[in-house]
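Peer 1: based on what follows, work out the 3D shape:
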Amino acid sequence: MGKSEGDEKILSYNDVVLRKSDLEILSGPYFLNDRIIEFYFSYLSTTHPSNGILLSPPSIAFWMMNCPDVESLNSFLEPLNLPHKKLVIFPVNDNIDVSKPEGGNHWSLLAFYREANIFVHHDSNKGMNKYAAKRLYNAVARFMNDGSISTLNPSYVECVESPQQVNGYDCGVYVTAIARSICKWYEERREVEKDGLWFSAVVEEISPSLVANMRREILGLIRSLMAVKEYQPATK
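Peer 2: Coordinates of the predicted model:
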């Protein structure tokens, strides 16, 4: 049996393959899937190129949270070079069923900032993913140590100022918007209030209207990249 129309591949971007069904998700009031978030994180990595920043694909964050053998994470995480990253951003999903990699009901974001030795959880739905974020923090915190005392036992905080969604489906878009805001803050090295972190920047920049526009923006970005691929001259 052939693939359904929704499974038709429309774009390969870096290591991410998008399908026609992803456009339909972005066109309507639907929960974002892993592929769209991975695509946008990959795009942010391109627009904010830095050896100090890592935007983790959802699949990696999911495996960190649910790996049955904690010791095996050593070899799995080694290529990520976590001890030398200054800023690491993870998408968090509440799925606990490893047989359903695209399961779950909610997305949030967990960011590690080395200078403050802190993990910050941003949840757009009243802390719904607090348990999942804590699981990810507990799984990955020890891998952040660069051998210095300053990176032992990183702290964890829930950002109570995180912008809140006004519907039941935009959590993934909030993750992309917050990730973009944090990357921009890091690139500009803004000192925000007394905490020296990005909280105020996120609160000031992200609103329900911005999130609605961002859904359209990601859709437009994908379509523009599709057009570039379509009209790109063949290599000799």
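
Peer 1: mean confidence for stretch 165-184?
Peer 2: Averaged over stretch 165-184, pLDDT sits at 97.

Peer 1: what are the contacting residues of that stretch?
Peer 2: 29-33, 36-37, 40-41, 44, 47-48, 53, 55, 87, 89, 91, 106-109, 111, 122, 124-125, 162-163, 198, 201-202, 205-206, 208, 210-212, 214-215, 218 (CB atoms under 8 Å, 6 or more residues apart in numbering). The C-beta positions use only the backbone N, C-alpha and C, and glycine is treated the same way.

Peer 1: let me see the ranges of the helices in the protein.
Peer 2: Along the chain, the stretches classed as helices by DSSP state H are 20-27, 34-47, 58-66, 73-77, 130-140, 171-188, 199-205, 208-231.

Peer 1: pick the most buried one from those helices.
Peer 2: Among those, the stretch with the highest mean neighbour count (mean count of other CB atoms under 10 Å) is helix 171-188, at a mean of 23.

Peer 1: wait, residue 89 touches residue 41, no?
Peer 2: Yes - taking CB atoms under 8 Å as the definition, residue 89 is a contact partner of residue 41 at 7.4 Å.

Peer 1: and the pLDDT for residue 71?
Peer 2: 76.

Peer 1: what is the least confident helix or strand in the protein?
Peer 2: The helix or strand of the chain with the lowest confidence, counting by mean pLDDT, DSSP states H and E, is helix 73-77 at a mean of 86.

Peer 1: so what secondary structure elements neighbour that helix?
Peer 2: Under the contact criterion of 3 or more CB pairs under 8 Å, 6 or more residues apart in numbering; DSSP states H and E, helix 73-77 touches helix 58-66.

Peer 1: list the helices and strands the helix it packs on packs on?
Peer 2: Short answer (3+ CB pairs under 8 Å, 6+ apart): helix 58-66 packs on helix 34-47, helix 73-77, strand 87-93, helix 130-140.

Peer 1: so where is this structure shaky, pLDDT-wise?
Peer 2: Applying pLDDT under 70 to the chain flags residues 1-6, 98-102, 190-195, 230-236.

Peer 1: could you rerun that using 50?
Peer 2: 1-2, 192-193, 233-236 (pLDDT under 50).

Peer 1: give me the residues contacting stretch 44-61.
Peer 2: In contact with stretch 44-61 (CB under 8 Å, 6+ apart) are residues 14, 34, 37-38, 41-42, 80-82, 84-93, 101, 110, 136, 179-180, 183-184, 186-187.

Peer 1: cool, stretch 212-228 as well?
Peer 2: With CB under 8 Å, 6+ apart as the test, stretch 212-228 has contacts from 10-11, 13, 18, 22-23, 26-27, 36, 39-40, 43, 170, 173, 176-177.

Peer 1: so how far is residue 106 from the closest residue to residue 30 other than its chain neighbours?
Peer 2: Of all residues not flanking residue 30 in the chain, residue 169 sits nearest, at 5.9 Å (CB to CB, 6 or more residues apart in numbering). For residue 169, the distance to residue 106 equals 10 Å [CB to CB, to the nearest Å].

Peer 1: looking at these two, which is more packed in?
Peer 2: Neighbours were counted for residue 169 and for residue 106 using other CB atoms under 10 Å; residue 106 has more, 19 against 14.
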